[in-house]
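# one predicted model, sequence on top.
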Amino acid sequence: MKAGIREFLAEERPEGYYEKLIRDLEEANEKLRMFSVINRELKSGMPFSVKDNICVKDVESTASSQMLSGYIPPFNATVVEKLDKNGFGFIGKTKMDEFGFGTLGVNCIEHPLNPFDERYVTGGSSAGSAAATAVLRHHVSIAESTGGSIACPSAFCGVVGFTPTYGLVSRYGLIDYANSLDKIGIMARSASDARYVFEMIKGSDKYDTTCVDHEVTTEGRRKLIIIDQLIKGVDERIASSFDKTMCKLGNLGYAIEHRSVPFIEKAIPAYYIVSMAEASTNLAKYTGFKYGLKVNDFSKNYNDFFTEARGNFGAEAKRRIVIGTFVRSSSVKSRYYEKALRIRRMLIDSLNSILKEGFIISPTMPIVTPKVDEAEALSPLEEYGMDSITVPPNFAGLPHVSFPSDYIGGMPVGTQLVTSHFNDMALFDFVGRWEEDFEYRFKYNVGAL
């Protein structure tokens, strides 16, 4: 992609550019349902969208949940504030799986559709962010990942999805899913655009004590390490595509090595135990009193009032509240929650040891993008299993990027690259080199100059 953010900001836009941009975007949104809110007042700047669980002042922010219907934040998230001050213009809020609970982007009302083919899902939970990035020519989306919510939809929608080291980007203004796992990241049409935005939004924040101002390195690796368990059982078409990608990378001079991490299969159950425990705690504050949806019948007793209010959660949110509350209860906490934390520590140590030698590389997703009806027919356990490749780096707080590497039947396929903590810049260098010999395909180019 030749024309990036710097070129867009430096170039003079034609008269009426933003008015036409909004008209064309609204037309595309009628078909693809990417945005919950479009800012019709945008008049300047590089357009950026924001996932609906990130607060924008005076704009309804619901995390795609009926439970937060009508919630209007009186402040900007730190990432939004930084972009506002650096020549960017807010274009809208993007749809998502409710509170981030989902892998395929279908756990919300009128879920987004894939810009490459409307019969297919976008992936989730940052569903609208990925679709918007695939539709808008000059644009970046601020998204969020807990267990793969940036990587998955980026792969399914053919865009670059970057998830930083945990703690490098402030979470102030984020409607939390799981505090120890949530990471605000970026979706863009090129590695250079993602890098430009990352350099702007990273750094410590007085409002977020988990956010650090740490040196970010760009230490390249000449070795690509494939963890065999991560590619075991992937769709045959994905396996064949990944083999082609590795051949190309081998021709670029990278050494390729296979490894095994004995307990990496435990990452999925351990991740869901920790994330659901934290989610159930975070969702406890939505009671029908303070945030979003209000229940005004005060004649009811407390239990009936509380039950009516929380009945507005979707099915997946209710499931995670119940499971999360159970695994952190005193009778089973040591058997499930504390054991899951020990597995996370072991996973971090094992992956860090491997990442001293090279990058970890894999397909982003184990399947080709499914159709909407196929996704809706999956059981919760089958959907959780789709995160088998994206969960390990997220669970360990490691920086990773998904980038388009192939197309199967006209639908994009992504490859995931993982590096060590605080070596985030090396990911942009790697993908930038890949982009020199790979052409991204986009069906839409709304807002092209």
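Right, received. Where do you want to start?

# and the strands in the stretch 251-400 of the chain?
The residue ranges that make up the strands of the stretch 251-400 of the chain, judged by DSSP state E, counting those that start in this stretch, are 255-259, 359-363, 400-408.

# show me the strands in the stretch 1-150 of the chain, by range?
With DSSP E, counting those that start in this stretch as the criterion, the stretch 1-150 of the chain has strands spanning 35-38, 46-51, 88-94, 140-145.

# for K2, give me the pLDDT.
Taken from the predicted model, the pLDDT recorded for K2 is 58.

# longest helix anywhere in this protein?
Taking DSSP state H as the assignment, the helix of the chain that covers the most residues is helix 337-355.

# quick one: buried residues of that helix?
When neighbours are counted by 16 or more other Cβ atoms under 10 Å, the buried residues of helix 337-355 are found to be 337, 339-340, 343-344, 346-348, 350-351, 354-355. Every C-beta, even on glycine, is put in place using the N, C-alpha and C of the backbone.

# cool, stretch 323-342 as well?
Residues of stretch 323-342 classed as buried by neighbour count (16+ other Cβ under 10 Å): 323-328, 336-337, 339-340.

# got a list of contacts for it?
Under the criterion Cβ atoms under 8 Å, 6 or more residues apart in numbering, residues 269-281 lie in contact with stretch 323-342.

# can you flag the buried ones in those residues?
By neighbour count, with 16+ other Cβ under 10 Å, the contacts of stretch 323-342 hold 270-281 as buried.

# just these: which are in helices?
270-281.

# and which of the buried ones among the contacts of stretch 323-342 is nearest D406?
The nearest member of these to D406, counting by Cβ to Cβ, is Y271 at 27.2 Å.

# wait, the closest one touches G397, no?
No: no contact is recorded between Y271 and G397 when judged using Cβ atoms under 8 Å, the distance being 11.8 Å.

# overlap in contacts, those two.
Residues within reach of Y271 and of G397 at once, by Cβ under 8 Å, 6+ apart, are L181.

# before we move on, the earlier item: of all the buried ones among the contacts of stretch 323-342, which comes closest to V372?
Taking the buried ones among the contacts of stretch 323-342 together and measuring to V372 by Cβ to Cβ, the closest member is Y272, at 24.0 Å.

# that closest one and D387: what is the separation?
For Y272, the distance to D387 (Cβ to Cβ, to the nearest Å) stands at 9 Å.

# got it, and E374?
17 Å.

# which of these two has more neighbours?
D387 (24 against 14; other Cβ atoms under 10 Å).

# surely the more buried one and T103 touch.
Yes: between D387 and T103 a contact is recorded at 5.7 Å, counting by Cβ under 8 Å.

# overlap in contacts, the two.
Shared between the contact lists of D387 and T103 (criterion: Cβ under 8 Å, 6+ apart) are residues 148, 152.

# how about the most centrally placed residue in the chain, nearest residue that isn't a chain neighbour?
For the chain, I150 is the residue whose C-alpha lies nearest the centre (Cα atoms, centre = their mean; 2.1 Å). Spatially, and ignoring its direct neighbours in sequence, I150 is nearest to G161 (4.3 Å; Cβ to Cβ, 6 or more residues apart in numbering).

# A strand includes the one you found, no?
Yes: counting by DSSP: H, G, I helix; E, B strand; the rest coil, G161 falls inside a strand.

# separation between it and G414?
For G161, the distance to G414 (Cβ to Cβ) stands at 8 Å.

# what do these two both touch?
With contacts defined as Cβ under 8 Å, 6+ apart, the residues shared by G161 and G414 are 151, 154-155, 402-403.

# which one of those residues is nearest S129?
Distance to S129 across the shared contacts of G161 and G414 (Cβ to Cβ) is lowest for S154, with 8.7 Å.

# so which helix or strand takes in the closest one?
Assigning secondary structure by DSSP states H and E places S154 in helix 151-157.

# convert the C-alpha atoms of that helix to CSV, please.
The C-alpha coordinates for helix 151-157 follow below in CSV (Å, rounded to 0.1, in the frame of the first residue of the first chain):
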residue,chain,number,x,y,z
ALA,A,151,-6.2,-11.1,15.1
CYS,A,152,-9.2,-13.2,14.2
PRO,A,153,-11.3,-10.5,12.4
SER,A,154,-8.2,-9.0,10.8
ALA,A,155,-7.5,-12.4,9.2
PHE,A,156,-11.1,-12.9,8.0
CYS,A,157,-11.3,-9.4,6.6
